[in-house]
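**Student:** Any chance you could fold what I've pasted below:
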Amino acid sequence: MTVIGLDDTDSRELGMCTTYVATRLAARIEQAGGTVERLLLVRCNPAVEHKTRGNAALAVHCELDTEQALSLADDLLAMAATDDERTNPGAVVADCEPEDVPDEVATFARDAVRDHHEIDATRQLRERLEYSTTTRGNGRGLIGALAAVGAWRALDEWTYECISYRERERWGTERTVDYGSIFEAADAGYPTVWDTVDREEGVAVCVPRTPCPILHGIRGDDPDAVREVAEMIDGEPVERRQLFVTNQGTDAHLQDGTLETVRDGRSYRLTGTVTEPPETREGGHVFLGIGAEDDGEGDERLQLAAFEPTKRFRDRVRALRVGDRITVCGELSDGTLKLEKFAVRDLVITEQATPNCPDCGRSMKSAGRSAGYRCRDCGTSADGKVENTIERELEKGWYEVPPCARRHIAKPLIRGGFDAPTHPEK
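**Tutor:** Here you go, the predicted model:
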């Protein structure tokens, strides 16, 4: 089998989409007499500097002579938005079964999802492997392309996305879709099909707002279900439709970390105790701090943030209190972890309070240092503060950002497999 990896054909401003290039490549392969087994959509580390919104790399698993595959891939790189100097596409062709790539390629792919690679080191690995390549510009797309080649062996959890593409003459224009049909289709497919819409915000998450060729993309756990939902949506003509196997919705980007070991530009899952209460700052962003997992008294501290685009998720964050023990997930940037989800492990449910007089019900006053409390009206006394129960808005378990704010690679709670009760957003 031949594995073709592609990356970096799109632009934030000029559009295009590497999924579309891969779709066209698959069609060319079949026209040339080859067969296509699957198209792989691999979301790499969402925290890297050189990326467009989803940081996707693509792989085409096919039966075709490698020289012919390289020629077709080179032809298709002409579709890349290279007028943008930040777009530097690359393609890698490997002559092997996807599950039989060398260990170092699988490791490279895992690291591309969770860590960082440099282009020089990527080229050196490619040369040792003697894989064929083609590039434009500085060829930085080779990083994602090689990662896509190794992803099938490297990753063990997959979902599906059915992407519908617009007719060429409509690219860059306002999309014509029946939003009523999107919400109806979303309800019909849920929960097998997820993140199609954000019901509370009234947003069709599946419809992009960029000038790319995509009309809508439907994600879920079953290939037939995502196709069916895509076909239920009314709107402008669909030029072509393609099913992808993908690591979207899997949390593959998260690595377990500690307050002492985290580094910028990676995404982590770690546990700590709230040491600084939530504070809403200018712009509606919410910040708080956590410390060591045991009692929050260690030296290490980490700032957490729930930014304004996470909408109602911020109310969950605001409900946290100093002393709560939580597990948090998100990307670390400039020393701040940008929250994607969190789990409440232990809640503070009591607090020390000034006692009330048992006779008149009024709050007692301090009787002096180490002298307890006294009611000035009734003369009653108490030895010290009392413990009152706190009513909490949160329960133990996982909370997440809403679909409108979710990263492609982040796992929705509705998919299950979490280590505590979940409170999914729809």
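
**Student:** In the chain, where is pLDDT below threshold?
**Tutor:** Across the chain, the ranges flagged by pLDDT under 70 are 11-15, 50-54, 81-85, 293-298.

**Student:** per the record, what domains does it have?
**Tutor:** 2-154, 159-246, 254-349+391-423, 350-389 (automatic domain parsing).

**Student:** now the ones you listed in TSV, with mean neighbour count?
**Tutor:** Heads up, the C-betas are built off the backbone N, CA and C, glycines and all. Below are those laid out as TSV (neighbours: other C-beta atoms under 10 Å):
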stretch	mean neighbour count
domain 2-154	21
domain 159-246	19
domain 254-349+391-423	18
domain 350-389	13
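
**Student:** roughly how far is the one helix or strand A151 maps to from the heart of the chain?
**Tutor:** Assigned by DSSP states H and E, A151 falls within helix 141-154. Computed by C-alpha atoms, centre = their mean, to the nearest Å, the chain-centroid distance of helix 141-154 equals 18 Å.

**Student:** Export that helix to CSV, keeping only CA atoms.
**Tutor:** Provided in CSV are the C-alpha atoms of helix 141-154 (Å, rounded to 0.1, in the frame of the first residue of the first chain):
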residue,chain,number,x,y,z
GLY,A,141,4.2,21.3,5.6
LEU,A,142,6.5,18.3,5.6
ILE,A,143,6.1,18.2,9.4
GLY,A,144,2.4,17.6,9.3
ALA,A,145,2.6,15.4,6.2
LEU,A,146,5.1,13.0,7.9
ALA,A,147,2.9,13.0,11.0
ALA,A,148,-0.1,12.1,8.9
VAL,A,149,1.9,9.2,7.4
GLY,A,150,2.6,7.8,10.9
ALA,A,151,-0.8,8.6,12.6
TRP,A,152,-2.6,5.3,11.8
ARG,A,153,-0.1,3.4,13.8
ALA,A,154,0.5,6.1,16.4
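
**Student:** Could you identify the helix or strand that succeeds it?
**Tutor:** Next along the chain after helix 141-154, taking DSSP H and E as the criterion, comes strand 159-166.

**Student:** That following strand pairs with which strands?
**Tutor:** Taking DSSP bridges as the criterion, strand 159-166 pairs within the sheet with strand 214-220 (antiparallel), strand 238-246 (antiparallel).

**Student:** which residues touch the shortest one?
**Tutor:** It refers to strand 214-220. With contact meaning C-beta atoms under 8 Å, 6 or more residues apart in numbering, strand 214-220 is reached by 17, 19-20, 159-166, 175, 177, 182, 189, 192-196, 204, 206-208, 226-227, 229-230, 233, 235-236, 238, 246, 248-249.

**Student:** Show only the entries of the residues you listed found in strands.
**Tutor:** Residues of the contacts of strand 214-220 located in strands (DSSP state E): T159, Y160, E161, C162, I163, S164, Y165, R166, V193, W194, V238, T246.

**Student:** May I have the residues that are in contact with the nearest residue to the first one once chain neighbours are set aside?
**Tutor:** Of all residues beyond its chain neighbours, the one nearest T159 is G249 (4.9 Å), with distances taken as C-beta to C-beta, 6 or more residues apart in numbering. Residues near G249 by C-beta under 8 Å, 6+ apart: T159, W194, D195, R219, H408, I409, A410, K411, P412, R415.

**Student:** Helices along the stretch 201-350 of the chain, start to end?
**Tutor:** Assigned by DSSP state H, counting those that start in this stretch, the stretch 201-350 of the chain shows helices spanning 223-232, 313-318.

**Student:** For G291, find the nearest of the ones you listed.
**Tutor:** helix 313-318 (16.6 Å; C-beta to C-beta).
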